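K.L.:
Sequence first, predicted model second:
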Amino acid sequence: MGQILVKSAKRYFNREMMNRFDGNLAREIAELITNSIDSYGRIKDFQGKKIVRIELDKAIRKSAEKYVIRVIDNAEGMSRETLVKIFSERGADNNGGANNCNIRGLFGLGASDVMAASAVEKKSAEYCSFKDGEVTILHFAVNNEGNNIIIDDTVLSDSKQIENLRKKYNIFENGTAVTFGIPNSVVLDSTIEDFKHSIETMYLLRNVLDDDNIEVSLTAYGSTVILSKPYSLPEPFMTDNIKFVFKRREFNGTISFYKNEDKENNSICILVEDDRGNLYDNQMFGFNHAQGSEQLSGKLVLHGFWNELEYFLNEENMSLLKDDRTGFDIGKQFGRLLVKAIESPIRVAIQQLLKENGAQNISLSNTKNYNEFLRFLNRDLRSNFSTPLGGGGADLDRVPPISGLEFARNNISITMGHQYDLKIYINKNLIHVGNTIKIEAIGNKGNIAFKNEIILNEDDLIEDIPVKSCALSALFETEVPVELVAKCGTYSTLCSVSVIKESIIYPENGIQFEKSEVTFAPDIKHNKVKLYFDTTKVKIQDEIIITDTSKGKLTCTTPSVAISSGKMITDTIGYVSLEFFGGDLNDKYIVVASCKNGNDQLNIKIDVPKQSDSAKAGDIAGYDFDTQSAGIAQSYFNVLNKKVMIVAQNEINKNFIKDFKQTIGGKALLYVITLVSFQAAKLYADKEKAAGHFDESNTERYLEIIEEKKNEYFEEYLRIDNK
């Protein structure tokens with residue numbers, strides 16, 4: 001028997017081994033299954049079905065654990081020399097098949113992470129491999145100080161011992177059996193069907209389970225079942241090619257989009273894979289709440305991505321994925337470039353779905369007196385639909401909340417007519433998959449709307465400190481703050497919410513421009529821009545310095561401004577107004593605002609404002625109503641008809657329409673309702689009928705009169721409005 005001290009490879013990128021899986025048992029199993037498939041792939045001219053068996057077994061070391069998980073294959077197996085090479089250097093390049101397209105593994109961390117995580121919790125961690133008549137067993141543990149993994153290795157030579165192991169694992173030639181303990185934070189599924197479902201829905205296994213030459217079985221609670229193929233997507237309705245450059249290396253990909261009518265259950269967003277069928281991510285890349293994304297799924301194939309990953313790992317000592325390999329970080333450079341490349345195809349695909357769903361639109365091209373109405377509905381457009389809250393309030397050294405869950409801020413002010421993303425931080429050691437976070441608002445008099453339940457699934461609890469979004473719609477101004485409470489079992493958190501009329505932004509980096517891009521006319525007219533600041537991140541006495549790339553063509557009237565001179569909106573959030581003028585036609589400039597503890601960037605384009613032919617005094621041209629779609633956005637830009645679509649079913653819009661009804665009456669009200677949507681007009685007519693205001697038999701004729709006499713009703717509205 002020998003002992004191996006595990007060290008980290010030169011190319012190894014840092015992260016805590018216990019944060020690798022976040023207690024996600026299905027992910028640990030997925031790592032070992034893909035290892036087994038790679039092992040089959042290394043067998044030259046392999047014929048037959050690649051069989052992988054998952055077993056839930058009672059633990060021998062009952063004092064430490066009740067059950068263990070075992071993943072078994074009948075693949076190539078490994079000798080002691082190979083096992084020592086693989087496991088003695090954590091994170092090394094041991095794939096052994098850079099030129100073999102059957103091999104997917106690359107990071108050298110999957111099995112070693114599973115073993116290490118189990119050993120740290122003092123649970124079973126055993127790797128047993130059969131190779132050419134020899135059996136090698138590795139036992140993983142931690143040293144006495146608890147800060148290093150050590151491996152005891154044993155090579156069996158006794159034929160009887162080997163025969164007993166062969167019968168135990170049902171391996172009669174070469175193969176491997178990996179045994180590990182169930183993480184402390186995992187609540188084991190109580191039935192084999194639930195257990196099976198949790199493994200089948202792990203996105204990393206989609207391509208494995210979809211392969212007819214692969215069979216994965218699960219044995220638990222006295223039964224054995226075969227894992228099913230995942231949900232099959234229909235034929236794509238749109239395909240596009242993308243490319244971008246990162247660190248002078250070009251990346252190419254093909255993205256396909258599908259109409260997924262069961263997305264709520266199968267959770268297929270945009271799957272990202274390489275040419276080898278290796279899956280890397282499943283997310284919407286920032287389009288989670290975009291109007292029309294509810295049924296949109298996609299598949300992005302990054303050509304040659306396996307080789308690029310290998311290059312950056314071995315040559316640049318960096319990973320293109322998150323450190324825990326759970327996908328792309330769209331906040332970092334590679335992720336941002338990827339999003340920029342796929343953003344346009346995603347938008348086009350969403351609009352195609354919206355068009356296919358047959359939204360009926362009511363033209364607003366001649367409603368010049370509805371500028372107030374349109375301004376209200378379109379406030380969210382001027383700030384990219386929503387202003388995120390929570391990220392701006394998160395401390396860099398945040399730790400898992402000891403209270404189980406915690407709002408990122410304990411009090412916020414949000415702008416009426418906007419929708420906001422208030423973050424909830426979760427302690428995954430206290431709150432688990434399947435738990436429900438219930439949201440309630442004390443003192444809410446229709447001021448805010450929100451979803452009152454958040455059910456946690458496996459993907460929600462992957463990060464070190466999981467974050468969930470509590471989307472708030474700010475409907476009406478508050479006189480006193482609403483107390484928003486989030487509860488999960490005995491754990492709870494509180495946030496005081498005020499709805500105000502003034503625009504407010506919570507800066508991510510201490511200071512933040514109201515917009516990221518603006519267009520100015522090339523004249524001496526002063527153009528005002530708000531720069532918001534957060535005094536929890538920057539200091540009141542800080543000076544903000546304004547610089548730009550115009551070489552004197554653009555002038556800022558206040559190139560240096562004190563935060564103390566700004567206007568405070570809340571106790572911590574305020575803004576300073578910056579004025580600009582000048583610039584040459586068609587030029588583009590970058591303006592940078594910086595202070596000791598914060599910075600932000602503004603892109604300015606100098607151009608002549610264009611007036612649409614349909615635009616009239618007091619009107620905002622190019623709008624239509626979308627009366628069919630239901631979603632989080634108040635309005636969105638339709639790239640097909642080049643119009644801003646106002647979502648009639650949005651809660652904010654509906655409440656504003658209700659408020660409008662209370663200020664006008666009679667025929668004018670009928671015209672407003674007809675303008676909003678035909679369905680709303682019918683609903684109003686039905687209410688009139690229920691009140692006995694007209695004969696039931698005249699309902700259809702009543703609606704026809706509304707349509708016929710729109711102009712007459714509109715004149716009546718103008719007369720009332722002028723009074």
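P.N.:
Nice, thanks for sending it over.

K.L.:
how deep is E235 tucked in, by neighbour count?
P.N.:
Applying the criterion other C-beta atoms under 10 Å, we find 7 residues in the vicinity of E235. Where you see a C-beta, it was placed from the backbone N, CA and C, and this is true even at glycine.

K.L.:
I should have written S217 there, sorry.
P.N.:
Count around S217 with other C-beta under 10 Å applied: 15.

K.L.:
Output the contacting helices and strands for the helix or strand hosting it.
P.N.:
For S217, the host element (DSSP states H and E) is strand 214-220. Helices and strands touching strand 214-220, by 3 or more C-beta pairs under 8 Å, 6 or more residues apart in numbering; DSSP states H and E, are strand 50-58, helix 192-200, helix 206-209, strand 223-226.

K.L.:
try 7 Å this time
P.N.:
Of the remaining helices and strands, those touching strand 214-220 by 3 or more C-beta pairs under 7 Å, 6 or more residues apart in numbering; DSSP states H and E are strand 50-58, helix 192-200, strand 223-226.

K.L.:
after the last one comes which helix or strand?
P.N.:
Okay, so that is strand 223-226. Toward the C-terminal end, the helix or strand that comes next after strand 223-226 (DSSP H and E) is strand 238-246.

K.L.:
isn't there a helix covering L337?
P.N.:
Yes - judged by DSSP: H, G, I helix; E, B strand; the rest coil, L337 forms part of a helix.

K.L.:
Relative to E250, how far out is it?
P.N.:
11 Å (C-beta to C-beta, to the nearest Å).

K.L.:
quick one, which of the two is more surrounded?
P.N.:
Shown here are L337 and E250; by other C-beta under 10 Å, L337 has more neighbours (16 against 10).

K.L.:
who touches that one in this structure?
P.N.:
Contact criterion C-beta atoms under 7 Å, 6 or more residues apart in numbering gives F244, F246 as the residues in contact with L337.

K.L.:
Pairing partners for V518 in the sheet, please.
P.N.:
When bridges are called by DSSP bridges, V518 pairs up with I604.

K.L.:
Buried residues, the strand holding S217. List them.
P.N.:
By 16 or more other C-beta atoms under 10 Å, the buried positions in strand 214-220 come out as I214, V216, L218, T219, A220.

K.L.:
still on that earlier bit, would you mind saying which of the helices and strands packed on strand 214-220 lies nearest E134?
P.N.:
For E134, the closest of the helices and strands packed on strand 214-220 is strand 50-58, at 21.7 Å, according to C-beta to C-beta.

K.L.:
Which among the helices and strands packed on strand 214-220 is found nearest to T570?
P.N.:
T570 lies closest to helix 192-200 among these, at 43.2 Å (C-beta to C-beta).

K.L.:
okay, the angle between that closest one and strand 214-220?
P.N.:
Interaxial angle of helix 192-200 relative to strand 214-220 (axes from the mean of the first three to the mean of the last three C-alpha atoms, to 10 degrees): 140 degrees.

K.L.:
For the stretch 451-600 of the chain, which segments count as strands?
P.N.:
453-455, 467-474, 482-488, 491-500, 511-513, 517-520, 527-534, 543-548, 554-556, 560-562, 567-568, 573-582, 588-595, 598-606 (DSSP state E, counting those that start in this stretch).

K.L.:
quick one: contacts of the shortest one?
P.N.:
Strand 567-568 has contacts (C-beta under 7 Å, 6+ apart) with G574, Y575.

K.L.:
hmm, try it at 6 Å
P.N.:
With contacts defined as C-beta atoms under 6 Å, 6 or more residues apart in numbering, strand 567-568 is touched by G574.

K.L.:
Sheet partners, orientation included, of that strand?
P.N.:
According to DSSP bridges, strand 567-568 has the following sheet partners: strand 573-582 (antiparallel).

K.L.:
what about dumping the CA coordinates of the partner strand to PDB?
P.N.:
Extracted C-alpha coordinates of strand 573-582, given in PDB (Å, rounded to 0.1, in the frame of the first residue of the first chain):
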ATOM      1  CA  ILE A 573     -28.800  57.500  -3.600                       C
ATOM      2  CA  GLY A 574     -28.500  60.800  -5.300                       C
ATOM      3  CA  TYR A 575     -27.400  62.400  -8.600                       C
ATOM      4  CA  VAL A 576     -25.400  65.200 -10.100                       C
ATOM      5  CA  SER A 577     -26.500  66.900 -13.400                       C
ATOM      6  CA  LEU A 578     -23.800  67.200 -16.100                       C
ATOM      7  CA  GLU A 579     -24.200  69.500 -19.100                       C
ATOM      8  CA  PHE A 580     -22.600  69.000 -22.500                       C
ATOM      9  CA  PHE A 581     -22.600  70.900 -25.800                       C
ATOM     10  CA  GLY A 582     -20.700  70.900 -29.000                       C
END
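
K.L.:
for it, what is the average pLDDT?
P.N.:
When pLDDT is averaged over strand 573-582, the result is 90.

K.L.:
ok now it, how far from the chain's centre?
P.N.:
Distance, stretch centre to chain centre, for strand 573-582: 33 Å (C-alpha atoms, centre = their mean, to the nearest Å).

K.L.:
in it, what counts as buried?
P.N.:
I573, G574, Y575, V576, L578, F580, F581, G582.

K.L.:
Can you pick out the most distant pair from those residues?
P.N.:
Of all pairs drawn from those, the widest gap by C-beta to C-beta lies between I573 and G582 and measures 30.3 Å.

K.L.:
follow-up on the earlier one: nearest to F287 among the strands of the stretch 451-600 of the chain would be which one?
P.N.:
By C-beta to C-beta (comparing all of these), the closest turns out to be strand 467-474, at 14.0 Å.

K.L.:
that older thread, can you lay out the helices and strands packed on strand 214-220 as CSV showing mean neighbour count and distance to A116?
P.N.:
Written out in CSV, the entries for those read as follows (neighbours: other C-beta atoms under 10 Å; distance: least, C-beta to C-beta, whole Å):
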stretch, mean neighbour count, distance to A116
strand 50-58, 18, 20
helix 192-200, 17, 21
strand 223-226, 12, 29
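
K.L.:
Figure out which of those is closest to F172.
P.N.:
F172 lies closest, by C-beta to C-beta, to one member of the helices and strands packed on strand 214-220: strand 50-58, at 12.7 Å.

K.L.:
That closest one vs strand 214-220, what angle?
P.N.:
For strand 50-58 against strand 214-220, the angle by the same axes, to 10 degrees is 10 degrees.

K.L.:
now for strand 50-58, which elements pack on it?
P.N.:
helix 25-41, strand 67-73, strand 214-220 (3 or more C-beta pairs under 6 Å, 6 or more residues apart in numbering; DSSP states H and E).

K.L.:
What lies in contact with it?
P.N.:
By C-beta under 6 Å, 6+ apart, the surrounding residues in contact with strand 50-58 are 33, 36, 40, 67-68, 70-73, 213-220.

K.L.:
That one pairs with which strands, parallel or anti?
P.N.:
Taking DSSP bridges, the sheet neighbours of strand 50-58 turn out to be strand 67-73 (antiparallel), strand 214-220 (parallel).

K.L.:
Over to M318: give its phi and psi.
P.N.:
Geometry field for M318 lists phi and psi as phi -150, psi 150, criterion degrees, to the nearest 10.

K.L.:
Ramachandran coordinates for the closest residue to it other than its chain neighbours?
P.N.:
Distances taken as C-beta to C-beta, 6 or more residues apart in numbering put F312 closest to M318, at 5.3 Å, once the chain neighbours are dropped. Listed backbone geometry of F312 is phi -70, psi -30, with angles given as degrees, to the nearest 10.

K.L.:
Help me confirm that F312 comes into contact with W306.
P.N.:
No - with contact defined as C-beta atoms under 6 Å, F312 does not count as touching W306 (11.3 Å).

K.L.:
higher neighbour count, the two?
P.N.:
It is W306, of F312 and W306, that has more neighbours when counted by other C-beta under 10 Å, with 23 against 19.

K.L.:
burial measure for the nearest residue to the more buried one once chain neighbours are set aside, as a count.
P.N.:
What sits nearest to W306 in space, not counting adjacent residues and going by C-beta to C-beta, 6+ apart, is D274, at 4.7 Å. Taking other C-beta under 10 Å as the criterion, the count of residues near D274 is 21.
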